[in-house]
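*Asks:* quick one, structure for this:
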Amino acid sequence: MQNPVSTDKLQDLERRMTALGITDDTLVERFVRGSGSGGQKINKTSSCVFLKHLTSGVVVKCQATRSREMNRFHARRELCEELEAVRDGKESARVQEMEKVRRQKRRRSRRSKQRSVADKRLLSGKKALRRPPSAE
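*Replies:* Take a look at the predicted model:
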């Protein structure tokens, strides 16, 4: 069967790994059964890739696709990104993206709460007009 990852991408990944000092000797690679939705097939095949870099202790688990080879490629690329983030002393792009989404959701909920309170004030004003005038 043909490898689903192009040779250019594989060579680029190999260069990144050697630049970071990642070799097959420093990696523990296991194939485990995936989890989550997907029916019977996910319970029978071991396409989820578990990688552990022994020298740094970084652990990556990848179940992005149904193909074991693609998951191996994605897991190794993700491991490189994690090690580069540790080396450069910055948060990974994925963590930054998650934070950005969290901030957007928080802002969005605040706006919707303000809109809800404004609607309630409007309705209470309409109801106040329906009441008979107080006898004072």
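*Asks:* quick one: name whatever helix or strand follows the helix or strand E69 falls within.
*Replies:* Assessed by DSSP states H and E, E69 sits inside helix 68-88. Downstream of helix 68-88, the first helix or strand assigned by DSSP H and E is helix 93-130.
*Asks:* that following helix - what's its average pLDDT?
*Replies:* For helix 93-130, mean pLDDT rounds to 86.
*Asks:* tilt between it and helix 68-88?
*Replies:* 90 degrees (axes from the mean of the first three to the mean of the last three C-alpha atoms, to 10 degrees).
*Asks:* tell me the helices and strands packed up against helix 93-130.
*Replies:* In terms of contacts (3 or more C-beta pairs under 8 Å, 6 or more residues apart in numbering; DSSP states H and E), helix 93-130 is packed against helix 68-88. For glycine as for every other residue, the C-beta is placed from the backbone atoms N, C-alpha and C.
*Asks:* quick one: contacts of the helix it packs on?
*Replies:* 3-5, 9-10, 13, 16-17, 20, 22, 29, 31, 46-51, 53, 56, 58, 60-65, 91-94 (C-beta atoms under 8 Å, 6 or more residues apart in numbering).
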